[in-house]
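Colleague: okay, sequence plus prediction incoming.
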Amino acid sequence: MFGGFPFGIDRPYSYLEAKRLLVLAMRELKSHENLINVLAVNQAASGRPAITGRQGDGIWDFLSLAPESGKSTFTKYPHLSVAINSQAVEAMVTVPHAVNTTMRKNLIRLGEVGFRGIVENVVNNLNPLLLEHTGATPWFRGIHWRYPSQRATPLVDAIIEFDLRTAIPGGSPPKAQPRWLAAAYGSFVNKENANYQIGIGVVFRYDRCPELRKPDALDLIASAWLSCKPLVDLARTEHLTAVQAA
């Protein structure tokens with residue numbers, strides 16, 4: 001049974017322990033009722049085909065939102081990623097570089113202003129979690145990487161990441177910095193053939209979120225994902241008209 005993420009000042013991060021915790025966490029999250037009913041997690045789909053290595057400062061896996069279970073389909077849809085690293089646990093909705101045409105067209109049609117509206121909706125959804133867990137940080141990450149080989153550690157060519165709240169003019173601290181979102185959004189819709197993906201979610205740092213040590217820490221991860229539903233919905237055809245109207 002999953003018992004929490006124990007890492008912190010008095011419990012140094014261990015790759016092998018993180019790997020064990022990740023297996024337990026993903027097993028429980030895959031059966032989470034709200035993730036199945038609200039975000040349509042595909043219980044039959046597998047996560048990463050291989051989680052290898054004995055060293056490193058982070059490990060991750062994902063739940064698939066692809067309606068099919070083939071290995072070639074999960075990158076066509078956003079997926080729910082969990083990362084356990086030496087500083088934090090991250091719960092992100094990842095939009096792969098090869099995401100399906102519906103989602104890509106919806107993102108382009110939104111424009112920068114519309115995409116900022118999606119981000120604002122996500123932050124509003126996250127507010128109850130952020131108020132209760134003040135150490136949690138809503139986060140955006142855009143990253144371009146390449147793989148020297150199939151099992152090699154990817155090489156990062158570029159990365160942009162920031163607190164989601166900086167994308168909202170006139171919002172609460174931190175101070176608004178709309179150019180960061182503009183750069184991240186523009187890089188995705190104009191990426192051509194670049195291996196550039198984006199992710200939106202929450203970072204839970206060990207030194208700021210002692211609640212990570214409790215068994216119900218998985219509820220924090222599920223809550224972060226569920227709050228990102230406005231982004232997930234862009235991958236579904238039935239939402240195309242609503243997105244265009246927005």
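Modeller: Received, thanks.

Colleague: for the residue nearest to L164 when sequence neighbours are not counted, list each beta-bridge partner.
Modeller: Spatially, and ignoring its direct neighbours in sequence, L164 is nearest to P138 (3.9 Å; C-beta to C-beta, 6 or more residues apart in numbering). Any C-beta I mention is one placed from the backbone N, CA and C, and that applies to glycine too. Here P138 sits in beta bridges with V202, as judged by DSSP bridges.

Colleague: quick check, P138 in contact with F162.
Modeller: No - if you go by C-beta atoms under 8 Å, P138 and F162 don't touch, sitting 9.8 Å apart.

Colleague: more neighbours: the two, which one.
Modeller: Each of P138 and F162 has its neighbours counted (other C-beta atoms under 10 Å); P138 has more, 25 against 19.

Colleague: tell me the SS of T94?
Modeller: With DSSP: H, G, I helix; E, B strand; the rest coil as the basis, the three-state label of T94 is strand.

Colleague: distance of the residue positioned nearest the centre of the chain relative to N190?
Modeller: By C-alpha atoms, centre = their mean, the chain has its centre lying nearest to M92, at 1.4 Å. Look at M92 and N190: by C-beta to C-beta, to the nearest Å, they are 22 Å apart.

Colleague: now do P138
Modeller: The value you get for P138 to N190, if C-beta to C-beta is used, is 25 Å.

Colleague: next, count neighbours for the residue nearest to A98 when sequence neighbours are not counted.
Modeller: Spatial nearest neighbour of A98, chain neighbours left out: T75 (4.9 Å); criterion: C-beta to C-beta, 6+ apart. The number of residues packed near T75 is 17, by other C-beta under 10 Å.

Colleague: same check on the one 4 residues further on?
Modeller: Applying the criterion other C-beta under 10 Å, we find 25 residues in the vicinity of H79.

Colleague: any idea what it is bridged to?
Modeller: Applying DSSP bridges to H79 gives these bridge partners: S64, T94.

Colleague: what's it in contact with, if anything?
Modeller: F62, L63, S64, L65, A66, V93, T94, P96 (C-beta atoms under 8 Å, 6 or more residues apart in numbering).
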